[in-house]
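**Q** Provided below are the primary sequence and the corresponding predicted coordinates.
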Amino acid sequence: MSTENEGNEGNAAEAAPSVPPVPADAPQAHPEDAPPAASHPDETATRQQPVAQAPDQQPAAVPSSPDPATAQTAAFPTNPQYAPPPQSAADAGWPPPPPAVPAYAQGAHGGGGGPVWGPPGGTHTPEAPRKRGAGGLVAAVVVAALVAGGIGGALGYWAADRNDGSGSTTVSASANPQDLKRDSRTVAGVAAKALPSVVTIEAQGGDGEGGTGTGFVYDKEGHILTNNHVVASAADSGQLTATFSDGKKYDAEVVGRAQGYDVAVIKLKNPPQSLTPLPLGNSDQVAVGDSTIAIGAPFGLSNTVTTGIISAKNRPVASGDGNGGSNSYMSALQTDASINPGNSGGPLLSSGGAVIGINSAIQSTGSSGQSQAGSIGLGFAIPINQASTVARQLIKTGQPVYPVIGATVTMDEKGDGAVIANQGTGGTEAVTKDGPAAEAGLRAGDVITKFNDTPVDSGPTLIGEIWTHKPGDRVTLTYERDGKTATAEVTLGERKGDS
């Protein structure tokens, strides 16, 4: 698992239609309009609808951190063949018949695969569509436009011939602006209201390191809530800027950051008076299946809106920035809303427009070198209840406060529980003397299997659960010792700062 550290410079996205336009059937000519008897029947009296095969889809994935430029191409059905439109009585004269329609990716270009566009039972066999490079993509778009133009011209002539100048039958859409308004609870309505409060953050460190991420307005004083890994490179020396959806850019500075929570607060140096904080929801009340809306700058494309649902709750996630920095741990909200490098720090909204999480990490199928994959529908957000608690602490004191049990556990990510280590960091005792765990009777070697009612399978899972609470909270730990199961009541202690 890795966080989505941002680095989106000079990226562009390219889009194209996924299939060529399908011509409408041309009606058959009526007998009373036919020319004098011909020596042979009209072979174009009937036409077959083209049959298209949907292109294959392949997912891609990666966490959102420094993000390279990516280009997207779409697969197009190939080899369309159209029967000529019906001819009228003026076949031998004017107007001339429509020009022949070129085939896709065949003939001069070599036999390209894809569904055959023509009468069923023909000599062509449908093949799986193949992906094109940039040149093939442009060619396919041009051919599709030519096909649409040719068919449209033929059908237009036939309709004019049949209507005998009786007038247009087209219907214009209403120009009433009222018809263009979106309900405030639609995705368009939520996005329109939220986008002015979302910023694209550019962080440039003194050593040249940097990247792009996202944040959102937390209060009217100019505080912006985001991820720690978005601003870490410019935290000590460097430059931070925040750009709003209207293009206005402001310098900013770090107020405080928490590596373990992956939460940071920055502040605009000269905030405008018109700041509108995003409303905060209650992440504890989120249910699996609830609709979600994510806003961010994936691969540098600012003000991007994607949608999905809550796929799971309380998902234990340990994420890193990919640069050897400290890991963060969260009991995350999982969503299938598309989240990519550059989305980090952006809001995950409910269908009503309230912030329920901060987009922080995505599951990746792997990456190499400087390249990163895209979303595979496994994104993770820090619950806003936790993030807001951390933000208030950072604004108040500039440093985070972590709840602790006073014991060092092994960090194996998979197992049968969280094992209390034999030694702590730097040779210290694994169970802090007079700490919460010691007072509850826990010892080195104990295996913690439950935190309250939540199963614990590893050290990172235990830490993620502990950090959803506050110092002073009383919790129940279930553990195993010498093959026997026992429980202990523990009052959480505290640790200040990331050191």
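**A** Structure received.

**Q** please, which helix or strand holds residue 460?
**A** Using DSSP states H and E, residue 460 sits in helix 459-466.

**Q** same for that helix, what does it pack against?
**A** When contacts are defined as 3 or more C-beta pairs under 8 Å, 6 or more residues apart in numbering; DSSP states H and E, helix 459-466 sits against strand 304-319, strand 328-335, strand 418-419, strand 447-451. Quick note: C-beta positions are derived from backbone N, CA and C, even for glycine.

**Q** could I get those strands as CSV with distance to residue 490 and mean neighbour count?
**A** Formatted as CSV, those follow (distance: least, C-beta to C-beta, whole Å; neighbours: other C-beta atoms under 10 Å):
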stretch, distance to residue 490, mean neighbour count
strand 304-319, 19, 19
strand 328-335, 17, 26
strand 418-419, 13, 26
strand 447-451, 10, 20
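
**Q** now render those as a markdown table, adding mean pLDDT and distance to residue 289.
**A** Below are the helices and strands packed on helix 459-466 laid out as a markdown table (pLDDT from 0 to 100; distance: least, C-beta to C-beta, whole Å):
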| stretch | mean pLDDT | distance to residue 289 |
| --- | --- | --- |
| strand 304-319 | 93 | 6 |
| strand 328-335 | 94 | 11 |
| strand 418-419 | 94 | 30 |
| strand 447-451 | 96 | 25 |
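
**Q** among those, which comes closest to residue 395?
**A** strand 328-335 (19.4 Å; C-beta to C-beta).

**Q** which other helices and strands does that closest one contact?
**A** strand 304-319, strand 355-362, strand 379-383, helix 459-466.

**Q** what average pLDDT does stretch 284-297 get?
**A** Stretch 284-297 comes out with an average pLDDT of 96.

**Q** residues of that stretch that come out buried?
**A** 286, 290-297 (16 or more other C-beta atoms under 10 Å).

**Q** same question for stretch 209-220.
**A** 209-218.

**Q** residue 422: which of those residues is nearest?
**A** For these, the nearest to residue 422 is residue 209 (37.9 Å; C-beta to C-beta).

**Q** for the closest residue in space to that closest one that isn't next to it in sequence, grab the count of nearby residues.
**A** In space, and not counting its chain neighbours, residue 209 is closest to residue 233: 4.5 Å by C-beta to C-beta, 6 or more residues apart in numbering. Applying other C-beta atoms under 10 Å, we find 25 residues neighbouring residue 233.

**Q** my read: residue 233 touches residue 202, true?
**A** No - if you go by C-beta atoms under 8 Å, residue 233 and residue 202 don't touch, sitting 10.5 Å apart.

**Q** shared neighbours of the two, anything?
**A** 210-211 (C-beta atoms under 8 Å, 6 or more residues apart in numbering).

**Q** quick one: the strands in the stretch 351-499 of the chain, in order.
**A** 355-362, 379-383, 401-404, 418-419, 447-451, 454-455, 474-481, 484-491, 493-496 (DSSP state E, counting those that start in this stretch).

**Q** residue ranges in this structure under the pLDDT threshold?
**A** By pLDDT under 70, the low-scoring segments of the chain are 1-179, 321-326, 366-373, 413, 499.

**Q** in it, which spans are helices?
**A** In the chain, the helices defined using DSSP state H lie at 134-163, 187-194, 228-231, 384-397, 436-439, 459-466.

**Q** touching the last one from outside, list them.
**A** Put plainly, it is helix 459-466. 314, 316-318, 327, 329-332, 403-405, 409-413, 418-419, 448, 451-452, 454, 456, 475, 492.

**Q** again, but for the fifth one
**A** Residues external to helix 436-439 that are found in contact with it (C-beta under 8 Å, 6+ apart): 404-407, 420, 431-432, 488, 490-493.

**Q** circling back: which of the buried residues of stretch 284-297 sits closest to residue 253?
**A** Using C-beta to C-beta, the buried residues of stretch 284-297 come closest to residue 253 at residue 297, 20.3 Å.

**Q** quick one: that closest one and residue 216 touch, right?
**A** No - counting by C-beta under 8 Å, residue 216 is not a contact partner of residue 297; they are 11.9 Å apart.

**Q** so what's residue 269 closest to, chain neighbours aside?
**A** In space, residue 269 is closest to residue 251, 4.6 Å off (C-beta to C-beta, 6+ apart).

**Q** count the neighbours of that neighbour for me.
**A** Around residue 251 there are 11 residues (other C-beta under 10 Å).

**Q** correct me if wrong: residue 217 contacts residue 277.
**A** Yes - using C-beta under 8 Å, residue 217 is in contact with residue 277, at 4.9 Å.

**Q** what is in contact with these two at once?
**A** By C-beta under 8 Å, 6+ apart, the residues touching both residue 217 and residue 277 are residue 197.
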